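> after the sequence you'll find the predicted model.
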Amino acid sequence: MNKSMGALGGIVLLFFALLAAGCGGSSDEALTKAEFVKQGNAICTQARKAREKAVFGLIQNANPNGNQKALREEAADKAIPYYEEAAEQLADLGAPEGDEAKIEAIVTGMEEAAARVNANPQSAFTGSTPFRKANEAAESYGLEACVD
């Protein structure tokens with residue numbers, strides 16, 4: 001388990017380094033809403049792909065007769081770090097002028113959802129999704145790729 005955790009950590013670091021390299025310049029000017037939405041959707045798309053890959057690998061190797069609760073918990077444990085990193089990257093983009101409260105609502109909603117899933121991984125698999133608040137804020141802003 002330690003070797004796979006180390007390998008996953010290396011993959012995650014490489015992923016974030018590549019993502020950071022492709023996320024735009026270091027200008028002090030605030031992004032426009034269109035620029036923020038474009039970059040934000042790219043961040044969330046990459047995070048979603050990484051989460052899906054991690055969870056798919058877990059499911060592929062899972063015992064179909066095994067403990068489903070434990071499998072769901074492990075899936076949440078593998079997926080949530082990518083979601084948390086996406087929230088951090090969205091915050092790091094810097095909100096377009098005048099949209100600070102909207103971006104903060106999205107990021108805060110994502111952070112709260114991640115905290116709820118970390119506290120209770122089973123909540124990610126129930127009908128009352130812990131992601132609802134973040135999803136609504138992201139969707140209303142145009143960040144469709146950030147809706148889970």
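Sure thing, it's come through.
> and Ser90, how close does it get to Asn120?
Ser isn't right for residue 90; it's Leu. Remark: distance between Leu90 and Asn120 (CB to CB, to the nearest Å) = 24 Å. No exception for glycine: its C-beta is placed from N, CA and C like everyone else's.
> who has more neighbours, those two?
Neighbours per residue (other CB atoms under 10 Å) separate Leu90 from Asn120, with Leu90 holding more: 23 against 13.
> ok, now which ones touch that one?
Residues near Leu90 by CB atoms under 8 Å, 6 or more residues apart in numbering: Gly40, Ile43, Cys44, Ile103, Ile106, Val107, Met110, Leu143, Cys146.
> element containing the third one, please.
Looking back up the chat, that one is Cys44. According to DSSP states H and E, Cys44 maps onto helix 33-60.
> follow-up on the earlier one: from the contacts of Leu90, which would you call buried?
In the contacts of Leu90, burial by neighbour count holds for Gly40, Ile43, Cys44, Ile103, Ile106, Val107, Met110, Leu143, Cys146, counting by 16 or more other CB atoms under 10 Å.
> related to what we said a few turns ago, for the helix holding Cys44, packing partners?
Here helix 33-60 touches helix 2-21, helix 68-93, going by 3 or more CB pairs under 8 Å, 6 or more residues apart in numbering; DSSP states H and E.
> mind checking how far the closest residue in space to Ala91 that isn't next to it in sequence is from Gln122?
Closest residue in space to Ala91, ignoring its immediate chain neighbours: Val107 at 4.6 Å, by CB to CB, 6 or more residues apart in numbering. When distance is defined by CB to CB, Val107 is 24 Å away from Gln122.
> and the residue nearest to Ala91, which helix or strand is it part of?
Val107 is part of helix 100-119 when elements are defined by DSSP H and E.
> show residues contacting the helix or strand following that helix.
Per DSSP H and E, helix 100-119 leads on to helix 132-141 as the next helix or strand towards the C-terminus. Here helix 132-141 makes contact (CB under 8 Å, 6+ apart) with 37, 44, 99, 102-103, 105-106, 109-110, 112-113, 129, 144, 146-148.
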